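Trainee: After the sequence you'll find the predicted model.
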Amino acid sequence: MKIRFVTLYYPPEVGAAQRRISELARRLSLRGHEVTVLTGFPNYPSGIKPEGYRGRFTMREEIDGVTIVRVPHYIAPNQGFVRRLGIHLSFAFSASLWTLFHKRPDIIYLESPPLFNGFIGLVSRWIRRTPYLFNVADLWPQTAIELGALKNKWIIAASQKLERLFYNQARTVLAVTDGIRRFILNMGYPENKVALITNGVDHTIFSDAVPPDPAVLELKREGSIVALYAGTHGMAHALGGILEAAIRLRQEKIVFLFVGDGPEKEKLVQKATEEHLDKVYFWAPRPQAEMPGILRAADIAVIPLRDLPLFDSAMPSKCFEALAAGAPVMLSVRGEMADHVRAAGCGVTA
């Protein structure tokens with residue numbers, strides 16, 4: 001079967017969507033399918049292309065039996081509504097053009113967010129007569145509304161109409177959590193329209209048999225505990241709460257380690273500097289291959305999210321990875337993920 005994944009986010013970028021889609025593409029290729037990934041150039045969230053990708057307009061790679069096609073789009077740091085809108089729309093436009101003039105697959109797997117990837121699906125279905133699956137990893141525009149990032153009633157109404165259009169035209173809507181699936185079903189869709197395919201973890205990569213990262217072990221000098229947050233530093237993640245904990249625990253033997261990048265990182269670094277938090281460390285994003293060792297060396301994996309009803313259905317992939325690596329979790333998420341953690345006795349929850 002000829003399968004095409006369409007996603008703005010893909011390795012060597014590090015993130016939940018990047019890991020999930022690349023692993024799914026690789027495994028489908030191993031099963032004998034002809035797999036192509038249509039994506040952009042790596043730059044998230046810094047807006048900087050890594051070496052090897054600069055000066056290229058388009059690019060084609062072959063990795064693990066998967067053909068990766070990179071198309072041009074607007075590149076900027078993932079900060080501010082207008083910039084993000086430009087990034088998302090430019091990729092949707094560029095990928096739609098590519099779709100028009102290249103051989104069609106048997107099925108297309110579209111990743112959302114960005115919601116605007118749905119335009120690529122419409123081009124595929126209406127013009128190229130190719131069905132698409134619409135994978136909903138986060139509910140948009142609902143997430144932006146509840147976070148307060150989207151307030152204009154006209155833009156909200158238009159976004160919700162687009163959301164329904166993309167769902168309507170999809171062969172199947174895929175949800176990564178049961179909560180997302182229930183939300184979509186409550187919009188009036190039949191049971192057979194919305195399928196559940198959850199996040200997971202590869203136990204051959206994330207394992208308690210992996211050697212601990214030496215740099216993290218170094219932070220444990222004098223008996224310190226290392227509390228780790230690894231992931232995007234975004235407005236949904238309530239990372240200021242970790243700094244508040246660091247302020248209250250500054251006399252204790254506990255080190256707080258942030259690994260990753262994102263629009264909130266600069267503010268977090270500034271706050272830590274102002275408060276003279278000498279036991280708070282910020283590391284740049286690490287390659288995916290290093291993350292199992294970093295998690296293995298941590299004493300606690302901290303996984304926060306904003307206290308919003310929408311996130312009760314969240315099942316962060318970083319939680320699966322931490323548990324597979326043997327790190328107990330401190331989870332501020334209610335709902336599905338918290339139920340799993342409590343049932344397994346592998347951490348504490350809100």
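Mentor: Arrived safely, thanks for sending.
Trainee: so where do the helices sit in the stretch 1-150 of the chain?
Mentor: With DSSP state H, counting those that start in this stretch as the criterion, the stretch 1-150 of the chain has helices at 16-30, 81-100, 118-122, 142-147.
Trainee: So which of those is the most surrounded?
Mentor: By mean neighbour count, with neighbours taken as mean count of other Cβ atoms under 10 Å, helix 118-122 ranks first of the helices of the stretch 1-150 of the chain at a mean of 23. For every residue, glycine as well, the C-beta is placed using N, CA and C.
Trainee: Distance from the least confident helix or strand in the chain by mean pLDDT to the middle of the chain?
Mentor: Within the chain, no helix or strand scores below helix 142-147, which has a mean of 80 by mean pLDDT, DSSP states H and E. Centre-to-centre, helix 142-147 and its host chain are 16 Å apart (Cα atoms, centre = their mean, to the nearest Å).
Trainee: Now do that helix: everything it contacts.
Mentor: For helix 142-147, the external contacting residues (Cβ atoms under 8 Å, 6 or more residues apart in numbering) are 113, 150-151, 156, 159, 183, 235-236, 306, 308-310.
Trainee: Same question for whichever helix or strand comes after that helix: list its buried residues.
Mentor: Remark: after helix 142-147, the chain's next helix or strand is helix 153-169, criterion DSSP states H and E. Burial within helix 153-169, assessed by neighbour count using 16 or more other Cβ atoms under 10 Å, is assigned to 159, 162-163, 166-167, 169.
Trainee: ok and helix 153-169 relative to helix 81-100, angle-wise?
Mentor: Interaxial angle of helix 153-169 relative to helix 81-100 (axes from the mean of the first three to the mean of the last three Cα atoms, to 10 degrees): 30 degrees.
Trainee: can you give me the mean pLDDT across helix 153-169?
Mentor: Averaging pLDDT along helix 153-169 gives 94.
Trainee: Whichever helix or strand comes after that helix pairs with which strands?
Mentor: Next helix or strand after helix 153-169 toward the C-terminus (DSSP H and E): strand 172-175. Here strand 172-175 is paired, per DSSP bridges, with strand 132-136 (parallel), strand 194-196 (parallel).
Trainee: Using CSV, write out every CA atom in strand 172-175.
Mentor: This file holds the C-alpha atoms of strand 172-175, laid out as CSV (Å, rounded to 0.1, in the frame of the first residue of the first chain):
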residue,chain,number,x,y,z
THR,A,172,-11.8,8.6,9.3
VAL,A,173,-10.9,11.0,12.1
LEU,A,174,-8.3,9.6,14.4
ALA,A,175,-8.0,10.6,18.1
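Trainee: farthest pair in the buried residues of helix 153-169?
Mentor: Farthest pair in those (Cβ to Cβ) is 159 and 169. Separation: 16.0 Å.
Trainee: who's in contact with stretch 241-255?
Mentor: So stretch 241-255 is contacted by 219-220, 222-227, 229, 256, 258, 268, 271-272, 275, 277, 279-281, 302, 304, 332 (Cβ under 8 Å, 6+ apart).
Trainee: Flag every buried residue along it.
Mentor: Result for stretch 241-255 [16+ other Cβ under 10 Å]: buried residues 242-243, 245-246, 254-255.
Trainee: Of those residues, which is the nearest to residue 196?
Mentor: Once Cβ to Cβ is applied, the member of these that ends up nearest residue 196 is residue 242, at 31.0 Å.
Trainee: and the closest one, that's in a helix?
Mentor: Yes: per DSSP: H, G, I helix; E, B strand; the rest coil, residue 242 lies within a helix segment.
Trainee: Let me see the ranges of the helices in the stretch 151-300 of the chain.
Mentor: Counting by DSSP H, counting those that start in this stretch, the segments of the stretch 151-300 of the chain that form helices are 153-169, 178-185, 214-218, 240-248, 265-274, 291-297.
Trainee: Would you format these as CSV with distance to residue 34 included?
Mentor: Below are those laid out as CSV (distance: least, Cβ to Cβ, whole Å):
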stretch, distance to residue 34
helix 153-169, 24
helix 178-185, 29
helix 214-218, 40
helix 240-248, 44
helix 265-274, 39
helix 291-297, 30
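Trainee: Which among these is found nearest to residue 318?
Mentor: helix 291-297 (8.7 Å).
Trainee: from the chain's centre, how far out does that closest one sit?
Mentor: That offset, for helix 291-297, works out to 19 Å (Cα atoms, centre = their mean).
Trainee: which helices and strands sit right next to it?
Mentor: If you count contacts as 3 or more Cβ pairs under 8 Å, 6 or more residues apart in numbering; DSSP states H and E, helix 291-297 packs onto helix 214-218, strand 225-230, helix 317-324.
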